[in-house]
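Peer 1: Model the following, please.
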Amino acid sequence: MPAPVTPQVIVVVHSILTKLRQATAFSASLPTRQPKPVPYHLQRLPPASSCQPLSQPRHTPCLPSRPALRSYIRPSTCLTLLQRSRTMATDSMPILQSRPEGPMDTERLADQLEKPLLDNRSYRVIRLPNKLEALLIHDPDTDKASAAMDVNVGSLADPEEMQGMAHAVEHLLFMGTEKFPGENDYNAYLSKYGGYSNAFTAPTSTNYYFELSSSSTSNSPTSSASTSQASLPLPKIKKNEAPLYGALDRFSQFFIAPLFLETTLDRELRAVDSENKKNLQADNWRMMQLNKATSSPRHPYHLFATGNYDILHDKPIERGVKIREEFIKFYQKQYSANRMKLAVLGRESLDDLQAWTEDLFSAVPNKDLPKLRWDGIPVQTEKELGTQIFAKPVMDQRTMELSFPYPDEEDLYESQPSRYISHLIGHEGPGSLLAYLKAKGWVSELSAGASSVCPGAAFFTIGMRLTTQGLANYQEIVKASFQYISMLKAEPPHKWIADEQAQLSEIEFRFRQKIPASRTTSHLSGVMQKPLPRDKLLSGQALIRKFDPEAIQRGLDCLTPSNFRFTLSAQDFPADFWTEKEKWYGTQYKMERIPGDLMTDLVEIIQNPTKRPSELHLPAKNEFIPQRLDVEKKEVSAPATTPKLIRNDRNVRLWFKKDDQFWVPKANVHVALRNSMTETSPFTAVVAMLYKELVDDSLTEYAYDAELAGLEYMVYRSPGRLELTVSGYNDKMHVLLEKVLIALRDHEVKEDRFEIIKERALRNFKNSEYADPFRQIGRFSQWIARDKHWTQLDYIEELPSVTIEDVRRFGKDCLRQGHIEILAHGNLYKEDALRISNLVEATLKPQPLPKSQWEINRTTEFAPGVDYVYEHTLKNPENVNHCLEYSILLGNAQERDIRAKALLLDQMLTEPVFDTLRTKEQLGYIVGGGALILVTKIGYRILIQSEKDCDYLEQRTDSFLVKFEQQLREMSHKAFEEHKISVINKRLEKLKNLGQESGRLWHHICSEQFDFDLVYRDVEHIEPLTKDELLEFYQKKFLPSSPERCKYAIHLVAQSSPEDIAAKMDPSEQREKLADEIHKLLAQMLQDAPEMDKAGLVAEFEKVDVADGDVPTILSAVGMYLAANGMPEEVISQILAQGEAALPQLLPAAGIVAKHQPMPGEGLSMSGSNVSTETLEFKKNKLVHIKDVRAFKASLPLSAGPVAVKDITEFEELEPKL
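Peer 2: Here you go, the predicted structure:
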């Protein structure tokens, strides 16, 4: 499918001793601080809080997955040097310049924007006197406010000697400013109002954004009816009372006076390093960097964008570089108001938003920096083109990518010629390249599209997933790709195809619904960097306005044999095949010229377009384009919160709700077939999965046109049911629905497709064992806690024995008996919903399933007062990261009082979890906490991925929970009430679109609790809570010593460790590595001292046998090194006294085993920070290691199943069948 990437400081003994006194080991005070979506009822509640989803930490680096990501279609900017005062290098001095002089009039660039039909927001674009542009968005309905700043400088501006600089600066801006010096002042403020922040670094942009509640008061209703989505007149908000103003005040200081504190520098560079290590075994990152590393070394595209501790810290220090100064210099050279685009969204008036923007952002310094451009420097030259690259992936996958250097099209926004080309090459219908290759049994997926590298340069790529046969025939796949390209070149571009694309783009834009506030601002601040008319910021990239055949032809002219190369990634090559290793990720590969005979064939294919397979041809006209787009809009006092049950019999329950708030010509139909077959065992689960995949596979060609026309379907399994969702424009929804139902009923499983799908499924299950540990841990947690739940290991064991007859039998037996549950929601009438239920029933024709056979979802009842631990060793031998999921079960999720306390504690805990365990203790890059819903139970979980072992991570988590009790006890009444307001506002957050509402309704139906007013009941029970009540609850449920606490933990243990890898070093490498580790620690301890040359330490180690691990001998060598550097004897004694305890923890990194181990609580923090991490003494509950999961679950009772909050008849408004 189409794919839309100083002077030295004098040593002062007193200062050094002060630093030493601050550095104590393990001592700590814990300060406060669309592709198809996952079905709603499979997601966790409540909505993501300040830590963001656990899989998405606060900082995101240069994003991979080229070409689909916006980060790869950003323009860039140009580098100029601005000299700055040497005094700016001092630790406490902010990076501050005076307010620009001259005329102070703000320029109005646009008073209105071309916008979707139903968009009730008001827009204004302004340019401040310092040339910073801002898009102001007034949304009268929003309950969330947001802002984003896109700075037009990214990783392509990194200096060669400190690659990852832009990404590191992104991290450092969060760590305090002159006006708000606390390193978590910004995020603590956002958390106070139920908000969060994030940032990412792209090749030519760095994007910062936040979101928080728009109100400082509770939006709590007196009844559900008062929570209408309709607009209400808003009183004028004073800026000192508006959460948005306070957030903007803190946010603006990132770009005016950041501190770049020395005390935070090392920690954030370690966070960057941890982030990089997280990605080392991820194939998308590895392949992206391989493509860059094998491109022209003259173009900055080849650089390593993420950075690591070595290139950002160690190597510069070895060269005598003052690294803090380098970050300041980069910031001063590259960050300028004229390169910044700001988007602000709030419910305040445009005039207020403008006044606030002028007030807070006019002080951003403007240096009138030019755009960064690399004109005349090709990303890839003749040397890199005409090559074939074979790469070894971590996972067992076979992919191929054809890549063509391509012109950047940012000036061609009206015609967007590459969308025409990618539409055809990436098509999946009859006559398409994918259909042809799939029929051959060579390819299972294909995508195509252009992605920008920087202004003037882009790539057009064709990416494919190959089968085993496809790998053997990869040259034929390349030829077929050029045969399709040749066909397109052979005749002029077709206007009817472009008109069809234009029509679909117009429909999609006209009925575009709102997305979350931070996604809006982050996206639009990036769009503002494009050369678009300011009144077309919303529509410019969305609408195709013009048919430009010449531009299309120029794009096709780039797709030639002389202007391409391809990369083939597979494990199916002998071990001695690989000849090279990529520097940063260690990817093994082989790069060579494309064979002459293949190039000759490709040239001939282009020259003779008629010599192509007859199966390749242009697509037919799209019959799914909607024609009826009318919506009957009726004013309502408040949108209904519950659907009506309009049919309820032995065969079908039909729930219906006509859209009464979004008014789009769309609908969502959810169908669930309850049966007794889909999840009874791992075997039936994999058989059901294969059948579902085979049905999807058979519908690819038919359903693709529907997908292009905004109409999609999804089939998925869930416990005790097979589910189908059809969503999009309602005009032709019934046509697609009927086709999918027939396919489910009548699909004939073909032998060749069965073998391909089965092999792919087995490979995917095995590959999942090589995913990031934090992505794997959830399924082990579910396995332990839920009834009838299995792991990938169970599926891997069962899948090889599944036969084609098993799958055929399942297709017939699954639909033989069942109960049908339907939700019809959107631009539909009752008659439409009844017709849909008749269609489903008449097509599937199941015999009724007695209610006694309906699946009951239950969870394990963990015994209180016991700490359960399940440990699993990870499969990937190269992975060095452990992972902990620490789960506390608080009680029945349907008990209102327990839910209220759990949600309030989620609000209070999540930001301190991140700030303490991630920012201060540096346990790892992946750290987060959040509320946990396990079917019938509600709880709280903390997740950490780290190089540190899980027992240590548990100890730090226990310590945090104990310390937090004191924070809760000392919390002021005002702070407590603010937390309540924040969580209430989060629970009452307005729905953004029809899909969100459908998802919520379907979740409550599938749960069989029918608790449609859940959020309002939550609010009713949160409002009266007192601090004493919450403190007592916390002490009983969270404290590690409480006999009432129910807790279990999953430990995913890495096979390897950095120490294992280092153990393979020779003696010289060991000395170098040990000197590295000790030099880092000394640099952290002696921050006010002049930097010392590491080579001297290596020289001292050459005089002794460090490999013996004798701590006194090694310390003696360190003492000689310090003395040689002029260190006073008193200071050396202090350092060595601390080092005696710290050194044994450093030695394993160099593959050395210490003869003396420190006592618990001794030594320096090995995070490299001065944050103390003492081990608190407290009584803990009994520890039980789960060895046999089946026996463990058998030994404990199961919870009660879900209970309906109302009798189902209370929802009935039965209609006669049509």
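Peer 1: Tell me which stretches of the stretch 351-500 of the chain form strands.
Peer 2: 387-391, 399-406, 443-454, 457-466 (DSSP state E, counting those that start in this stretch).
Peer 1: Mind putting the ones you listed into JSON lines with mean neighbour count and distance to residue 885?
Peer 2: C-beta coordinates here come from the backbone N, C-alpha and C atoms, glycine included. Shown next, in JSON lines, are the strands of the stretch 351-500 of the chain (neighbours: other CB atoms under 10 Å; distance: least, CB to CB, whole Å):
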{"stretch": "strand 387-391", "mean neighbour count": "20", "distance to residue 885": "32"}
{"stretch": "strand 399-406", "mean neighbour count": "21", "distance to residue 885": "31"}
{"stretch": "strand 443-454", "mean neighbour count": "24", "distance to residue 885": "31"}
{"stretch": "strand 457-466", "mean neighbour count": "23", "distance to residue 885": "31"}
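Peer 1: Quick one, which of these gets closest to residue 697.
Peer 2: Nearest of those to residue 697, taken as CB to CB: strand 443-454 at 8.1 Å.
Peer 1: for the closest one, what is the average pLDDT?
Peer 2: For strand 443-454, the mean per-residue pLDDT is 95.
Peer 1: So what's the gap between that strand and the chain middle?
Peer 2: 20 Å (CA atoms, centre = their mean, to the nearest Å).
Peer 1: go on, stretch 826-837?
Peer 2: Worked out by CA atoms, centre = their mean, stretch 826-837 lies 36 Å from the chain centre.
Peer 1: And the contacts of that stretch?
Peer 2: Identification of contacts with stretch 826-837 by CB atoms under 8 Å, 6 or more residues apart in numbering yields 631, 646-647, 652, 654, 656, 658-659, 664-669, 730, 734, 737, 820, 822, 824, 994, 998, 1215, 1217-1218.
Peer 1: hmm, try it at 7 Å
Peer 2: 631, 646-647, 652, 654, 656, 658-659, 664-669, 730, 734, 737, 822, 824, 994, 1215, 1217-1218 (CB atoms under 7 Å, 6 or more residues apart in numbering).
Peer 1: Show me which residues of that stretch are buried.
Peer 2: Neighbour-count burial for stretch 826-837, counted by 16 or more other CB atoms under 10 Å, picks out 826-828, 830, 832-834, 836-837.
Peer 1: if we can go back for a sec, can you tell me which of the strands of the stretch 351-500 of the chain is nearest to residue 913?
Peer 2: The closest of those to residue 913 is strand 443-454. By CB to CB, the value is 36.1 Å.
Peer 1: other SSEs contacting that closest one?
Peer 2: On a contact count with 3 or more CB pairs under 7 Å, 6 or more residues apart in numbering; DSSP states H and E, strand 443-454 meets helix 417-425, helix 433-439, strand 457-466.
Peer 1: Now do it and strand 457-466, the angle between them.
Peer 2: 170 degrees (axes from the mean of the first three to the mean of the last three CA atoms, to 10 degrees).
Peer 1: got the CA positions of strand 443-454 in PDB?
Peer 2: Presented in PDB, the C-alpha positions along strand 443-454 are these (Å, rounded to 0.1, in the frame of the first residue of the first chain):
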ATOM      1  CA  VAL A 443       5.600 -11.600  -1.600                       C
ATOM      2  CA  SER A 444       3.100 -11.200   1.300                       C
ATOM      3  CA  GLU A 445       3.200  -7.400   1.700                       C
ATOM      4  CA  LEU A 446       4.200  -4.400  -0.400                       C
ATOM      5  CA  SER A 447       4.300  -0.600   0.200                       C
ATOM      6  CA  ALA A 448       5.600   2.300  -1.800                       C
ATOM      7  CA  GLY A 449       6.100   6.000  -1.300                       C
ATOM      8  CA  ALA A 450       8.300   9.000  -1.300                       C
ATOM      9  CA  SER A 451      10.000  10.300   1.900                       C
ATOM     10  CA  SER A 452      11.900  13.600   2.300                       C
ATOM     11  CA  VAL A 453      15.500  13.500   3.600                       C
ATOM     12  CA  CYS A 454      16.000  17.300   3.600                       C
END
